[in-house]
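Need the 3D shape of this:
(chains A, B, C and D)
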Protein chains: 2
Amino acid sequence: MARPYSFDPDVALDAAMHVFWRAGYDLASLSDLQSAMGIQRGSLYQEFGSKKKLFLKALALYVTKFVDPGIDVLTRSGDTGQDRIKRFFDMVPSDETRGCLLCNSAAGAAGTDDDVRHAIAEQLERLRKAFDSALVEDYLDQTERREKAEGLTQLYIGKRVEARALL
Amino acid sequence: MARPYSFDPDVALDAAMHVFWRAGYDLASLSDLQSAMGIQRGSLYQEFGSKKKLFLKALALYVTKFVDPGIDVLTRSGDTGQDRIKRFFDMVPSDETRGCLLCNSAAGAAGTDDDVRHAIAEQLERLRKAFDSALVEDYLDQTERREKAEGLTQLYIGKRVEARALL
DNA sequence: TGAATTGTTGATCGCTTGGTCAACATGGAT
DNA sequence: ATCCATGTTGACCAAGCGATCAACAATTCA
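Residues are numbered from 1 along each chain as shown, chains lettered A, B, ... in the order given. Below you'll find the model as predicted:
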């Protein structure tokens, strides 16, 4: 019993995700967010609590939509590890000037806020493990495999960050 | 004829560089900057013009102090290209949680401002060419060499950005 | 239909931001 | 010693920020 929502929180969160993606956490103002989400400020705060909480939820949505598919490719069975790695990097868009929300946030406000930094570190660790699982055929030495997986994770980050400056 | 400076602009700029490095452009407030630089706001604006101009000068100082040495190593004659590349990556600090000011700025608000983005793109291009020059012995195919140099540049960026989130 | 509950609205809050300015301080030149 | 040019100071400004709140609207249940 009560008044029903007049907006879809999932749709609004998706809109917020794109604002954060384009502008970054700091430059994404509440005014930008509320106009993109199509809701008033009070509704935004009632539904999402604060700008930081909204960002963390937007980041989680980004992971679901854009990181998980890559991890799925890396961990998919049936192909060789090298094929999966190649397929992963083929998925990286070559013309996305916004880069990657996860990588952007690592370089940005992430360094300041512990909650955000931990969320990012957790996802980068997931990606590293996915690369690792695609290397089991090649490297018997666990340490060497881990280093190779770290390097591939770093290569991914670098590709997405560089795209923001060069394109 | 006139009153002499009471502060050393080079010292003040160095202090500003470290503030931008730690906090990023947006989170580095004028109050943070003026207290770190040890000068009042009016002096800061008389000497540097604006926050953005101050940032661009701080970025140029960062390049001089921390990017050029790496480029020197990559382009130094006498060693093999592989040795120079190895030496370059050995120079990357493993415990610098601030990452690299250049890379941070690429991922951050710098992506928004054209002046900043061009300055960053210019330096990343310098780095790529330095890698390229260290690969002349290995790859006769120019296209392949360029791609390898791009990959090494991206790997560098990724290492520095990742360090901000993980450490 | 009326009461209770919950979503929505937009004005408003205190605060910080980047930037400016007139008054003042400090030197060299005459 | 005086003048003048320039550096320094800190109060001040408008604008924008994230966040809050009381009034209002919409829906369900009794």
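
so how far is A:Ala28 from A:Gln34?
Distance, A:Gln34 to A:Ala28, by Cβ to Cβ, to the nearest Å: 11 Å. C-betas here are computed from N, CA, C, even on glycine.

contacting residues for A:Phe48?
A:Phe48 makes contacts with A:13, A:16, A:54, A:57, as judged by Cβ atoms under 8 Å, 6 or more residues apart in numbering or on different chains.

Quick check: the third one touching A:Leu44?
Yes. Checked against Cβ atoms under 8 Å, the pair A:Leu54 and A:Leu44 is within contact range at 7.2 Å.

Find the residues that touch each one of those two.
Joint contacts of A:Leu54 and A:Leu44 (Cβ under 8 Å, 6+ apart) are A:Leu33.

With neighbour numbers in mind, choose between the two.
More neighbours surround A:Leu54 than the other of A:Leu54 and A:Leu44, with 24 against 20 (other Cβ atoms under 10 Å in any protein chain shown).

and that one, helix, strand or coil?
Secondary structure assignment for A:Leu54 (DSSP: H, G, I helix; E, B strand; the rest coil): helix.

who's in contact with the residue nearest the centre of chain A?
Centroid-nearest residue in chain A, with Cα atoms, centre = their mean: A:Leu102, separated by 3.6 Å. Listed by Cβ under 8 Å, 6+ apart, the contact set of A:Leu102 reads A:59, A:62-63, A:67, A:120, A:123-124.

Show only the entries of these found in helices.
A:59, A:62, A:120, A:123-124 (DSSP state H).

would you list these in JSON lines and tack on distance to B:Thr80, pLDDT and neighbour count?
As requested, the ones in helices among the contacts of A:Leu102 are exported to JSON lines (distance: Cβ to Cβ, whole Å; pLDDT from 0 to 100; neighbours: other Cβ atoms under 10 Å in any protein chain shown):
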{"residue": "A:Leu59", "distance to B:Thr80": "43", "pLDDT": "98", "neighbour count": "23"}
{"residue": "A:Tyr62", "distance to B:Thr80": "42", "pLDDT": "98", "neighbour count": "21"}
{"residue": "A:Ile120", "distance to B:Thr80": "37", "pLDDT": "97", "neighbour count": "27"}
{"residue": "A:Gln123", "distance to B:Thr80": "38", "pLDDT": "98", "neighbour count": "22"}
{"residue": "A:Leu124", "distance to B:Thr80": "33", "pLDDT": "98", "neighbour count": "24"}
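
Quick check: the farthest pair among the residues you listed?
Pairwise distances across the ones in helices among the contacts of A:Leu102 (Cβ to Cβ) peak at 13.3 Å, for the pair A:Tyr62 and A:Leu124.

before we move on, back to that, any idea how far the residue nearest to the centre of chain A lies from DNA strand D?
A:Leu102 is 20 Å from DNA strand D, where distance means Cβ to the nearest atom of the strand, to the nearest Å.
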